[in-house]
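S.K.: Here is my input; please provide its structure:
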Amino acid sequence: MADEQHYDVIIIGTGAGGGTLAHRLAPTGKQILILERGGYLPRERDNWDSTAVFVKGIYRAPEFWYDKHGNSFPPEVNYYVGGNTKFYGAALFRLRPEDFGELHHHDGISPAWPIGYDVLEPYYTQAEQLYLVHGRHGEDPTEGFASGDYPHPPVEHEPRIQQLSDDLEKQGLHPFHLPMGVNLTQDENGRATHDSVCIRCDRVDGFPCLIGAKSDSQVICVDPALEHDNVTMVTGAHVRRLETDSTGRTVTRVVTELDDGTTEGFSADIVVVACGAVNSAALLLRSANDKHPGGLANSSDVVGRHYMRHNNLALMAVSKEPNPTKFQKTLALNDWYLGADDWDFPLGGIQMLGKSDAEQIHGEAPRWAGAVTPDMPFEMLAHHAVDFWLCGEDLPLPESRVTLDNNGDIHLALDEKNNIAGLKRLQHKLKGMLEHLGMHKHHLLPHSIYLHKGMPIGATAHQAGTVRFGTDPRSSALDIDCKAHDLDNLYVVDTSFFPSIGAVNPSLTAIANALRVGDHLAERIR
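M.R.: Residues are numbered from 1 along each chain as shown. Next up, the predicted model:
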């Protein structure tokens, strides 16, 4: 690959945004180059080992970022083909229609998007089809209009979770089937059929799928895109900076450090950045030049700002009856997503996590010292555990931001107490129901193994918002097609473009938007 090789489109990153975009553009016949910082994830037994994945973190990037005080921390990022979708929980939610408008929260305002739910809706439907989402529209009273059904019926509840769903309904609530991206075929009893790729195991959440049954970007999009002769991928390709022409309006060279230590330059008519919200912002900041002294696409000074990652709580309740569930991640509850009878502001949503096992429980043991009774050893806890994920919206603050120091290292400033009142109320709602749900009312234990050990700032899995889109170049970096206001051929299609994050997992919105931008780019390069 010589410096002079030129492409129609270069896509940097292969996660939910970049991988999906590559899939959308592959049939155009145009020359597309994908640059991926990592390689393919090794397929090995450790993929499904709790100690390897959660306790030792062997697949996490071997790098450190710094908080606003200069303290280093290991971020929750993975550099592999498929990006962070290799490890995501495959819960594929649409944002609620209200999330696209201005929402008032206890601590401030969640700003409106420059497009409405109606613009993204057809792409949500296409995204659900592409990523094999299992679910049932109409069960969740907070969801918006859907122009098409989910392509597959919901993943059926196992008996203990079905009982939980029934008990929630008895409380007057509206539990619904969690929309899941898995390649699963079920028999009449909800079990995986003999020809199903997914085997309904207990490894769906936070683990890479050893058998390729989870709908991650590599399996669903990147590998099929590479079947087209016009699509090329270079792995082990760490893009260091983007160079522009003398006018500053056109990216002319993508400067890339390869695994062997050499530096390569690539060029294309269109350059798309999709490195994840933190790394995309860092790349634009690192690419500063005399025409763009504050970094590329940053005449508004918003690049790196408004970082969001959700206010999350992973909690483990203890069921009075054993919980032998394998595939636990089948239920969610949004009754208090936009407010409650005793609270005028949004609280967020509750969903199930993957099932705790003994290794994870042991990993939490020091944190829980004194919180559990001596007559319930950790092995019994694991057998009775029911695991919940509480997700609340954090707000896009300009001082929550990504910056670079003189060495080029990433610094991440974050207000960890931003808008957490709603999340605390959501936790209180769950705790107050435990006895009615067949749980021990005094046991609702923080389950930080799903977040991050030590420093909460390291929980970067839902990162978003650092290169926001909008109609005003003074307050946004990208236009509504996710093209940089300041440049003619630079786009950003990961979760960086979010002006707000809502309180549901951001992956499906990134996927839907990549399909939308893909249609725009296909028309442009045609």
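S.K.: Let me know the distance separating Y337 from S400.
M.R.: 23 Å (CB to CB, to the nearest Å). For glycine as for every other residue, the C-beta is placed from the backbone atoms N, C-alpha and C.
S.K.: Neighbour count for the two, which is higher?
M.R.: Y337 (27 against 23; other CB atoms under 10 Å).
S.K.: Can you tell me the closest non-neighbouring residue to the more buried one?
M.R.: Excluding its sequence neighbours, the residue lying closest to Y337 (CB to CB, 6 or more residues apart in numbering) is T142, at 4.8 Å.
S.K.: That neighbour touches F93, doesn't it?
M.R.: No: when contacts are counted by CB atoms under 8 Å, T142 is not listed as touching F93 (10.4 Å).
S.K.: Between these two, which is the more surrounded one?
M.R.: More neighbours surround F93 than the other of T142 and F93, with 25 against 17 (other CB under 10 Å).
S.K.: Tell me the pLDDT of the more buried one.
M.R.: Here, the pLDDT recorded for F93 equals 98.
S.K.: so who does it touch?
M.R.: P179, V504, N505, L508 (CB atoms under 8 Å, 6 or more residues apart in numbering).
S.K.: Find the residue closest to it in space, skipping its chain neighbours.
M.R.: Leaving aside its sequence neighbours, F93 sits nearest to V504 (CB to CB, 6+ apart; 3.7 Å).
S.K.: Tell me, how many residues neighbour the one you found?
M.R.: As a burial measure, V504 scores 28 neighbours (other CB under 10 Å).
S.K.: now D49
M.R.: D49: 16 neighbours (other CB under 10 Å).
S.K.: swap in D195?
M.R.: D195, neighbours per other CB under 10 Å, totals 6.
S.K.: who's in contact with it?
M.R.: The contact partners of D195, by CB under 8 Å, 6+ apart, come to T185.
S.K.: thinking again about what came up before, now, which of the contacts of F93 sits nearest W48?
M.R.: Closest approach between the contacts of F93 and W48, by CB to CB: N505, at 21.6 Å.
S.K.: what's that closest one sitting at in phi/psi?
M.R.: Main-chain dihedrals, N505, degrees, to the nearest 10: phi -50, psi 140.
S.K.: got the contact list for the nearest residue to it once chain neighbours are set aside?
M.R.: Nearest non-adjacent residue to N505, counting by CB to CB, 6+ apart: A91, 4.9 Å away. A91 sits next to L178, P179, M180, G181, K329, A332, Q351, V504, N505, S507 when contact means CB under 8 Å, 6+ apart.
S.K.: what do you get for H69?
M.R.: With contact set as CB under 8 Å, 6+ apart, H69 has no partners.
S.K.: what does the worst-scoring helix or strand of the chain on mean pLDDT rub up against?
M.R.: Using mean pLDDT, DSSP states H and E, helix 358-364 stands out as the lowest-scoring helix or strand of the chain, at a mean of 71. Residues outside helix 358-364 that contact it (CB under 8 Å, 6+ apart): 49-51, 54-55, 378-379, 381-382, 385, 445, 447-449.
S.K.: Mind doing that once more with 7 Å?
M.R.: S50, T51, F54, V55, F378, E379, L381, A382, H447, I449 (CB atoms under 7 Å, 6 or more residues apart in numbering).
S.K.: quick one: average confidence on the longest helix seen in the chain?
M.R.: The single longest helix within the chain, with elements called by DSSP state H, is helix 507-525. Taken as a whole, helix 507-525 has an average pLDDT of 98.
S.K.: In terms of secondary structure, what does that helix contact?
M.R.: Contact here means 3 or more CB pairs under 7 Å, 6 or more residues apart in numbering; DSSP states H and E; on that basis helix 507-525 packs against strand 6-12, helix 18-25, helix 117-130, strand 263-273.
S.K.: The residue nearest to Y337 and A522, how far apart?
M.R.: As judged by CB to CB, T142 and A522 stand 33 Å apart.
S.K.: and what of A484?
M.R.: The value you get for A484 to A522, if CB to CB is used, is 19 Å.
S.K.: Between the two, which is the more surrounded one?
M.R.: Ranked by neighbour count (other CB under 10 Å), A484 and A522 place A484 first, with 28 against 15.
S.K.: Quickly list what the more buried one is bridged to.
M.R.: Bridge pairing for A484 (DSSP bridges) gives the partners L478.
S.K.: OK, contacts around it?
M.R.: L296, A297, A477, L478, L490.
S.K.: Nearest to E102 among the helices and strands packed on helix 507-525 would be which one?
M.R.: helix 117-130 (13.6 Å).
S.K.: List the buried residues in that closest one.
M.R.: By neighbour count on 16 or more other CB atoms under 10 Å, the buried set for helix 117-130 is Y117, L120, E121, Y123, Y124, T125, Q126, A127, E128, L130.
S.K.: re the thing from before, tell me the contacts of the residue nearest to Y337?
M.R.: R96, N334, Y337, L338.
S.K.: now, which of those sits nearest A268?
M.R.: R96 (36.5 Å).
S.K.: got the CA positions of stretch 35-45 in CSV?
M.R.: Output of stretch 35-45 as CSV, limited to C-alpha atoms (Å, rounded to 0.1, in the frame of the first residue of the first chain):
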residue,chain,number,x,y,z
LEU,A,35,-8.5,1.4,8.9
GLU,A,36,-8.8,-0.5,12.2
ARG,A,37,-6.4,0.2,15.1
GLY,A,38,-6.6,-3.4,16.4
GLY,A,39,-6.8,-6.8,14.8
TYR,A,40,-9.3,-9.6,15.0
LEU,A,41,-10.1,-10.7,18.6
PRO,A,42,-8.4,-14.1,19.3
ARG,A,43,-11.0,-16.9,19.5
GLU,A,44,-10.0,-18.8,22.6
ARG,A,45,-11.6,-20.2,25.8
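S.K.: now that stretch: mean pLDDT?
M.R.: The average pLDDT within stretch 35-45 is 97.
S.K.: From the chain's centroid, how far away is that stretch?
M.R.: Put simply, stretch 35-45 sits 18 Å off its chain's centre (CA atoms, centre = their mean, to the nearest Å).
S.K.: which residues touch it?
M.R.: Taking CB under 7 Å, 6+ apart as the rule, stretch 35-45 contacts 10, 12-14, 59, 79-81, 86, 208, 210, 233-239, 254, 256.
S.K.: I am finished for the moment; much appreciated.
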